[in-house]
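> Quick one: sequence and predicted model below, then my questions.
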Amino acid sequence: MGDIAATKLDHENHLLLDQPLLRLPIELLRKNFRSAHFEVEKDGTYIKNTLKETATACVNGGASQADVLKNLDTMIARMRGVKRKLTAFADEEQRLHRHEEARVRHLNELYSMYGVDDVKYEAWSRTRLDRLLVDYLLRHGYNQSARALAQEKGIEPLVDLDTFEQMSRIRKCILNRSVTEALAWCTAGDTKKELRKMDSNLEFMLRFQQYIELVRDHSTKPTEILSYARKFLLPYQHTYKKEVMQACGMLAVRPSAETNVYAELYSPDRWEMLANLFTSTHNALLSLPSVPLLHVALSSGLSALKTPACHSSHPSSAAGPPSHSTSLSLASSVCPICSTELNELARGVPYAFHSKSHVEPDLFLLPNGRAYGKARLDEYARKAGLLEDQVKDLRTGEVFGYERLRKVYIT
């Protein structure tokens, strides 16, 4: 008989893994609202100032009728532009609300199930697995495969295709030695302010790399390099003193085959570093986990099954009756963590904390490597009508004599 407590669903622990599912649309809604507010404030300030200047010029007689009409046309055109932008923001908000509603509905289905043996739980778990696979593909840049899988399974509202595709596109541009896209992302809308609150060094490092490329290019004039440094690097001279000092030194020691003082700064490995920095900053800004959710789920499952015996070796004798160590070796053959597929993968995960043991008491190991409690073996033998000194494997149906069984001790 299965343990009811072992099959009962722990809804709260399930939701721990699915926090980003609900959190990301909320973060995107906040970002969308801040961007809309930024556009309204920027264009509203422009309209107010232009209107005030036009009215003052009319009163003072400093503007002709043609100038006034021209200013009014400019303000009307500007307001129409604001209307188009706000319409786009409103459409994005509606899309995010639909996604959030679909995700809440998906998670709410879990609360209609009370055990892992529920038929509905298997279908729900398959949907979650599809979500985790799409998340994994997106994080590794397989955008087309991720989109195809999401469309095939009909889970587009449950995954974040657009967000990760944008991140993947910018990351690819950085790896292709271009920081233009990443800088545009850093300075777009309210992102710059949010990065400043996070004390992120992403924008500075991108500017620094742009400066390095200017110095590397021998056709760039020194005046252009100095102008760039004054505008984008010197404002950070107190925050990133070391990098700014290196930037100054690079002007005096230009790259050549003889000098390798700044070889580390000219190294192509910096592009990989910048790509990783952008990815981690992007994930932190949107409250996304730094690793794929598939890894988190897999690590949790491996940890729940892992025991200290899973990564210990036990010598076994070549002949003779099975010893205690041989019995453990046979028992490990049915342990998922001890399998060749999962053993190395589970080596780095912690052991699970179990407040209650689900191992049957008074265990006996059968010659085929399976272990059962004595009470279950006796009950099954009685129901099968076996002799007093015989037991039967509950799964395979093999019959063994009691003298061939080995007592199992767990320490």
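Great, that's in hand.
> now for the helix or strand where Ser280 lies, which elements pack on it?
Using DSSP states H and E, Ser280 sits in helix 269-285. For helix 269-285, the contact count by 3 or more C-beta pairs under 8 Å, 6 or more residues apart in numbering; DSSP states H and E identifies helix 161-175, helix 180-187, helix 191-197, helix 202-216 as packing neighbours. In this view, the C-beta of every residue, glycine as well, is placed from N, C-alpha and C.
> Mind doing that once more with 7 Å?
Helices and strands touching helix 269-285, by 3 or more C-beta pairs under 7 Å, 6 or more residues apart in numbering; DSSP states H and E, are helix 161-175, helix 202-216.
> so where's the chain shaky on pLDDT?
Within the chain, the segments meeting pLDDT under 70 span 1-7, 256-260, 311-334, 352-358, 411.
> circling back: following the helix holding Ser280, which helix or strand comes up?
Immediately after helix 269-285, counting by DSSP H and E, sits helix 293-305.
> name the helices or strands packed onto that next one?
Counting contacts by 3+ C-beta pairs under 7 Å, 6+ apart, helix 293-305 packs against helix 11-17, helix 119-139.
> what residues does it touch?
Outside helix 293-305, the residues that touch it by C-beta atoms under 7 Å, 6 or more residues apart in numbering are 17, 20, 132-133, 135-136, 289, 336-337, 342, 345-346, 349-352.
> most neighbours, which of the residues you listed?
Asp135 (24 neighbours; other C-beta atoms under 10 Å).
> Which residue, other than its chain neighbours, is closest to that one?
Beyond its immediate neighbours in the sequence, the residue positioned closest to Asp135 (C-beta to C-beta, 6 or more residues apart in numbering) is Leu293, lying 5.0 Å away.
> now the one you found: how far from Leu137?
From Leu293 across to Leu137, the span is 12 Å (C-beta to C-beta, to the nearest Å).
> Out of the contacts of helix 293-305, the closest to Val40 would be?
Proximity of the contacts of helix 293-305 to Val40, judged by C-beta to C-beta, is greatest for Pro20, which lies at 29.7 Å.
> just checking, the closest one touches Ser290?
No: between Pro20 and Ser290 there is no contact, the gap being 11.1 Å when judged by C-beta atoms under 7 Å.
> Could you work out the end-to-end span of stretch 231-244 for me?
In terms of C-alpha to C-alpha, to the nearest Å, the two terminal residues of stretch 231-244 are separated by 12 Å.
> so how far is that stretch off the chain centroid?
For stretch 231-244, the gap between its own C-alpha mean and the chain's C-alpha mean amounts to 32 Å (C-alpha atoms, centre = their mean, to the nearest Å).
> just to revisit the earlier point, give me whichever of the helices and strands packed on helix 293-305 is most buried.
Mean neighbour counts were taken over the helices and strands packed on helix 293-305 using mean count of other C-beta atoms under 10 Å, and the top value, a mean of 17, falls to helix 119-139.
> Which neighbouring elements make contact with that helix?
Short answer (3+ C-beta pairs under 7 Å, 6+ apart): helix 119-139 packs on helix 143-153, helix 161-175, helix 293-305.
> quick revisit: from the chain's centre, how far out does the helix holding Ser280 sit?
The offset between the C-alpha centroid of helix 269-285 and the centroid of the whole chain comes to 13 Å, using C-alpha atoms, centre = their mean.
> Turn the helices and strands packed on helix 119-139 into TSV, columns for distance to Arg254 and mean neighbour count.
Written out in TSV, the entries for the helices and strands packed on helix 119-139 read as follows (distance: least, C-beta to C-beta, whole Å; neighbours: other C-beta atoms under 10 Å):
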stretch	distance to Arg254	mean neighbour count
helix 143-153	40	16
helix 161-175	25	17
helix 293-305	44	16
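> would you turn the ones you listed into a markdown table with distance to Leu265?
Output for the helices and strands packed on helix 119-139, formatted as a markdown table (distance: least, C-beta to C-beta, whole Å):
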| stretch | distance to Leu265 |
| --- | --- |
| helix 143-153 | 32 |
| helix 161-175 | 16 |
| helix 293-305 | 33 |
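> wait, which of those helices is closest to Thr281?
Ranking the helices and strands packed on helix 119-139 by proximity to Thr281 (C-beta to C-beta) places helix 161-175 first, at 10.2 Å.
> Report all helices and strands that that closest one contacts.
Helix 161-175 is packed against helix 119-139, helix 143-153, helix 180-187, helix 269-285, with contacts defined by 3+ C-beta pairs under 7 Å, 6+ apart.
> and Arg395, which of those is closest to it?
Each of the helices and strands packed on helix 161-175 has some distance to Arg395 by C-beta to C-beta; the shortest is helix 119-139, at 21.5 Å.
> how far does the helix or strand harbouring Gln246 sit from the chain's center?
Using DSSP H and E, Gln246 sits in helix 241-252. The gap between where helix 241-252 is centred and where its chain is centred comes out at 35 Å by C-alpha atoms, centre = their mean.
> Adjust the sequence numbering to begin at 52 for everything that follows.
Right, with 52 as the first residue, what we last looked at is helix 292-303.
> Pull out the buried positions in that helix.
Glu294, Val295, Gln297, Ala298, Met301 (16 or more other C-beta atoms under 10 Å).
> got it, and stretch 92-103?
Buried residues in stretch 92-103, defined by neighbour count with 16+ other C-beta under 10 Å: Asp94, Ile98.
> Quick one: neighbours of Ala141, just the number.
Burial of Ala141 is recorded as 12 neighbouring residues (other C-beta under 10 Å).
> Please state the offset of the strand or helix carrying it from the chain centre?
For Ala141, the element it lies in under DSSP H and E is helix 116-159. Here the centre of mass of C-alpha atoms in helix 116-159, compared against the chain's by C-alpha atoms, centre = their mean, lies 30 Å away.
> Tyr460 belongs to a strand, doesn't it?
No: remark: Tyr460 does not belong to a strand; assigned using DSSP: H, G, I helix; E, B strand; the rest coil, it is coil.
> which phi and psi does it have?
When read as degrees, to the nearest 10, the backbone of Tyr460 gives phi -110, psi 130.
> What's the local residue count around it?
Once other C-beta under 10 Å is used to define contacts, Tyr460 is seen to have 9 neighbours.
> what's the answer for Phe329, then?
Using other C-beta under 10 Å: Phe329 sits among 23 other residues.
> And for the one 3 residues further on?
When neighbours are counted by other C-beta under 10 Å, Thr332 registers 20.
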